[in-house]
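Chemist: Have a look at this prediction, sequence included:
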Amino acid sequence: MGMVNVRRCVGLSTRLWIKQAAVRLLVPQSGLPCCKYQLLSFVQLEPIFLHSHDLPDESCRISGSCPATILFTGNNQSLGQSLAGNMFPSSSTLNSSDILYSLANDASGSETMTGYSNFLDPAFFSNYPLYRLQQQCPTNSRTSVSIQITSISVPAEIRCAQGLHLWRNNSSEINDELYKGFWKGNSERKIDEMVAAYDFLNSNLNNFNVSIWYNSTYKNDTGNGPLGLMRVPRSVNMVSNAYLQFLLGPATNMLFDFVKEMPQHEKQLRLDFASLLGPLVFTWVIIQLFPVILTSLVYEKQQKLRIMMKMHGLGDGPYWMISYAYFLVISSAYMLCFVIFGSVVGLKFFTLNEYSIQFVFYFVYINLQISLAFLIASVFSNVKTAAVVAYFIVFGTGLLGSFLFQFFIEDPSFPRGWIVVMELYPGFSLYRGLYEFSQYSFTGNYMGTKGMRWGDISGSSHGMRDILIIMFVEWLLVLFVAFYIDQVVSSGSGVGRSPLFFLEKFRKKPFSSSSMRKPSLRRQGSKVFVQMEKPDVAQETERVEQLLLEPTASHAIICDNLKKVYPKRDGNPEKYAVRGLSLALPQGECFGMLGPNGAGKTSFINMMIGLLKPSSGTGIC
């Protein structure tokens with residue numbers, strides 16, 4: 001719904017979209033001004049959901065005799081009723097010698113949709129009739145005429161449509177009635193459309209101030225192309241004439257003779273298809289980096305490369321910094337080439353939109369993409385599985401963005417809050433940003449202006465501003481969560497740490513209490529087992545227990561009753577790899593392990609270096 005405010009001096013500014021290819025029109029043809037009149041499009045619907053007793057019932061829609069309804073309100077009801085009565089002539093006859101003049105003198109209307117220019121009005125080149133709005137229609141109100149447009153004689157059918165003006169107490173009632181007449185404004189999904197609505201506000205004999213409601217959905221504002229023209233000037237002329245006749249008498253009339261397009265020199269049609277197709281194609285191009293980063297991270301875990309780096313002294317912090325910086329450099333170079341190549345070939349998507357906005361958008365997104373790859377890599381240990389999931393995300397994001405998310409963006413009735421919720425998914429944030437770039441570049445190219453500038457995103461309702469904030473916050477949060485999960489989850493990079501590992505630094509004595517050990521005294525519950533222990537084994541066990549009770553810094557490794565038991569699998573019993581090993585190695589001692597295959601040497605080493613989690617026992621390095 002749109003609204004026009006008209007005062008005593010009526011000024012009308014209209015932006016004209018010209019869609020002509022290689023056409024030279026230095027003297028455009030004038031056309032008859034019409035109002036938008038919806039009469040027959042929804043004959044099967046009934047307006048009972050409006051609960052207005054003065055509206056026509058369904059029977060008129062069946063017979064095609066529904067009046068053209070216009071709503072009125074204002075501070076002075078008597079003045080409003082008088083002005084409303086002057087808007088429709090009581091009766092008039094067509095002047096066969098000058099049809100266009102007769103139509104211009106009346107309130108004429110058409111059911112046709114408007115175009116993008118006034119070079120050719122669809123009202124005269126369609127199978128729909130023209131309507132003359134009058135207070136009362138004669139019995140035979142259909143007339144076939146021939147309208148002369150330049151050298152062409154166009155046949156047309158002119159019908160009379162009865163005008164119905166209804167008073168409402170205030171503008172809120174009109175807003176409510178217009179909204180409920182929209183098919184999404186009522187539970188029955190039915191339509192009851194008005195020709196227009198007027199609010200005379202504080203108009204009087206010395207002041208003319210009126211607001212006009214009109215249906216702005218007819219301008220086809222989908223965001224994918226130029227806007228259609230609106231038949232609002234005729235509505236302005238109707239109420240202006242009504243006010244003049246109220247002041248000066250019924251003989252006074254301000255003719256709205258014609259509407260005419262601006263002259264146009266020959267030019268080519270400028271349609272930037274790269275901007276229209278950019279969101280889908282460029283989304284796929286940019287997200288192609290995601291599988292590369294993800295598979296690289298998972299490959300390091302699958303091939304034990306990260307464990308090797310840990311064994312050589314590379315901690316988690318430096319590993320993350322080096323890996324993140326490497327992927328950031330690769331992604332930045334990729335995006336730089338992406339923008340440079342697009343600009344060199346002359347794509348308006350890149351050249352019309354300000355480069356600084358593009359830099360900020362792409363930089364924030366590639367950081368978010370790298371953080372997301374680190375997060376998802378923590379739950380994968382197989383490269384093939386990670387690659388399949390990554391490419392599924394790539395193509396799924398593009399298709400869902402183009403055929404689902406874009407539909408919600410362009411639907412003005414869809415809640416904006418849910419749009420923000422959907423943009424929490426990084427793929428949709430990327431698609432929304434590319435969509436905004438494409439719309440600004442397409443419009444700028446079509447109008448011969450520039451694309452997106454920083455001033456365009458200052459508004460709180462602008463999509464680019466929202467997604468920049470969302471992506472920046474998600475970048476930091478996802479990076480933090482990814483590092484935490486990498487430390488806690490064991491997925492090929494070693495044994496996971498405690499979920500509260502970040503609290504360890506607050507402990508005063510991390511290795512000063514006997515509570516750190518698994519008590520080995522339970523072995524004494526079996527006298528047979530104790531008697532079977534060799535003297536050197538028993539001596540080593542006692543030494544370990546003594547070191548646990550009185551810890552010192554002279555020993556590099558202390559193991560107390562360390563066990564590793566593999567669970568049952570395929571009907572086989574549990575497998576004991578290590579059976580209660582107790583060992584204490586002093587600093588600087590060279591220690592070797594001998595034993596047959598399956599004795600537990602490798603399992604013990606893997607537990608001590610963090611590759612395997614012990615089933616029970618204590619190991620301190």
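Modeler: Thanks, I have the structure now. Numbering: from 1, shown residues only.
Chemist: C-alpha only now, for contacts and for neighbours.
Modeler: Noted.
Chemist: nearest residue to Val481 other than its sequence neighbours?
Modeler: Leu375 (7.1 Å; Cα to Cα, 6 or more residues apart in numbering).
Chemist: contacting residues around the one you found?
Modeler: If you count contacts by Cα atoms under 8 Å, 6 or more residues apart in numbering, Leu375 has them with Val478, Leu479, Val481, Ala482, Phe483, Ile485, Asp486.
Chemist: Who wins on neighbours among these?
Modeler: Asp486 (22 neighbours; other Cα atoms under 10 Å).
Chemist: Which residue is the nearest non-sequential neighbour of it?
Modeler: Leaving aside its sequence neighbours, Asp486 sits nearest to Ser378 (Cα to Cα, 6+ apart; 5.4 Å).
Chemist: got it, and Gly398?
Modeler: The shortest distance from Gly398 to any non-neighbouring residue, by Cα to Cα, 6+ apart, is to Leu280 (5.5 Å).
Chemist: With Val544 instead?
Modeler: Take Val544 and drop its neighbours on the chain: the residue closest to it by Cα to Cα, 6+ apart is Ala584, 6.0 Å away.
Chemist: residue contacts, the one you found?
Modeler: By Cα under 8 Å, 6+ apart, Ala584 lies in contact with Glu540, Arg543, Val544, His555, Ala556, Ile557, Ile558, Cys559.
Chemist: And the next helix or strand past whichever strand or helix holds the third one?
Modeler: Looking back up the chat, that one is Val544. Assigned by DSSP states H and E, Val544 belongs to helix 535-549. Next along the chain after helix 535-549, taking DSSP H and E as the criterion, comes strand 555-566.
Chemist: who's in contact with that following strand?
Modeler: Residues contacting strand 555-566 (Cα under 8 Å, 6+ apart): 517-518, 520, 541, 544-545, 574-587, 603, 613-621.
Chemist: Which ones among these lie within strands?
Modeler: Mapping the contacts of strand 555-566 onto strands (DSSP state E) picks out 575-586, 616-620.
Chemist: Which positions within the longest helix anywhere in the chain qualify as buried?
Modeler: The longest helix of the chain (DSSP state H) is helix 316-344. Neighbour-count burial for helix 316-344, with 16 or more other Cα atoms under 10 Å as criterion, is recorded at Tyr324, Phe327, Leu328, Ser331, Ser332, Met335, Val339, Gly342.
Chemist: with those in mind, which one is nearest to Met452?
Modeler: Nearest to Met452 among these: Val339, at 15.4 Å, using Cα to Cα.
Chemist: and the gap between that closest one and Gln77?
Modeler: Per Cα to Cα, to the nearest Å, Val339 is found 62 Å from Gln77.
Chemist: same thing with Glu157?
Modeler: Glu157 is 37 Å from Gln77, by Cα to Cα.
Chemist: same question, Val292
Modeler: According to Cα to Cα, Val292 stands 71 Å off from Gln77.
Chemist: coming back round to it: want to throw the buried residues of helix 316-344 into JSON lines with pLDDT and distance to Trp167?
Modeler: Formatted as JSON lines, the buried residues of helix 316-344 follow (pLDDT from 0 to 100; distance: Cα to Cα, whole Å):
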{"residue": "Tyr324", "pLDDT": "94", "distance to Trp167": "68"}
{"residue": "Phe327", "pLDDT": "96", "distance to Trp167": "68"}
{"residue": "Leu328", "pLDDT": "96", "distance to Trp167": "66"}
{"residue": "Ser331", "pLDDT": "96", "distance to Trp167": "64"}
{"residue": "Ser332", "pLDDT": "96", "distance to Trp167": "64"}
{"residue": "Met335", "pLDDT": "96", "distance to Trp167": "61"}
{"residue": "Val339", "pLDDT": "94", "distance to Trp167": "58"}
{"residue": "Gly342", "pLDDT": "90", "distance to Trp167": "58"}
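Chemist: Tell me where the stretch 1-150 of the chain has strands.
Modeler: Assigned by DSSP state E, counting those that start in this stretch, the strands in the stretch 1-150 of the chain fall at 2-6, 35-36, 68-73, 107-110, 130-134, 142-149.
Chemist: All set now, cheers.
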